[in-house]
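**Q** sequence unknown, structure follows:
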């Protein structure tokens, strides 16, 4: 069953995200742990927030694919940015990599992440399709 995107008429509607996403059965829940902008060797990619966001999202997509999912199956993204951060760079990167798949999103600015050189960390909750 597809995810049901909830955007009540009494709340602001934004095409970049959903106010809520209903996961219906059958299927399983996939929890994607926090992904930084790291390459296959574990090194942080060069550049700034934009480049790290692109790589972190690609890493999320890789985990999704391993479970038989795409970004269409993602109900929730949580994005942690090291403050101060101009989220416009991250948003532009997300539009490029993620496309028009409006999951429910929480964006937080934090003092630091587990890796001092990391500028972004993204985790996800997704519905694995039945048989996926």
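**A** Sure thing, it's come through. Note that the structure is predicted; figures quoted are calculated from it, not measured.
**Q** in the chain, which spans are helices?
**A** 49-66, 87-98 (DSSP state H).
**Q** just say which of these is most tucked in.
**A** Ranked by mean neighbour count, the helices of the chain are led by helix 49-66 with a mean of 20 (mean count of other Cβ atoms under 10 Å). In short, each C-beta sits where N, CA and C put it, glycine included.
**Q** let's test this: mean pLDDT of stretch 118-132, rounded?
**A** When pLDDT is averaged along stretch 118-132, the result is 89.
**Q** ditto for stretch 32-39
**A** In this model, stretch 32-39 has a mean pLDDT of 94.
**Q** again, but for stretch 84-103
**A** pLDDT averaged over stretch 84-103 gives 87.
**Q** measure it end to end?
**A** With Cα to Cα, to the nearest Å as the measure, stretch 84-103 spans 24 Å from end to end.
**Q** so what's the gap between that stretch and the chain middle?
**A** Distance of stretch 84-103 from the chain centroid (Cα atoms, centre = their mean, to the nearest Å) equals 9 Å.
**Q** is it possible to get a markdown table of the helices of the chain that adds distance to residue 113?
**A** Listed next are the helices of the chain as a markdown table, based on distance: least, Cβ to Cβ, whole Å:
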| stretch | distance to residue 113 |
| --- | --- |
| helix 49-66 | 10 |
| helix 87-98 | 14 |
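**Q** between those, which one is closest to residue 2.
**A** helix 49-66 (15.5 Å; Cβ to Cβ).
**Q** other SSEs contacting the closest one?
**A** Contacts defined by 3 or more Cβ pairs under 8 Å, 6 or more residues apart in numbering; DSSP states H and E place helix 49-66 against strand 28-35, strand 74-82, helix 87-98, strand 120-128.
**Q** dump those into JSON lines; add distance to residue 53 as well.
**A** Supplementary listing: the helices and strands packed on helix 49-66 in JSON lines, determined by distance: least, Cβ to Cβ, whole Å:
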{"stretch": "strand 28-35", "distance to residue 53": "10"}
{"stretch": "strand 74-82", "distance to residue 53": "8"}
{"stretch": "helix 87-98", "distance to residue 53": "4"}
{"stretch": "strand 120-128", "distance to residue 53": "5"}
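**Q** centroid-nearest residue for the protein?
**A** Residue closest to the average C-alpha location in the chain (Cα atoms, centre = their mean): residue 77, at 4.1 Å.
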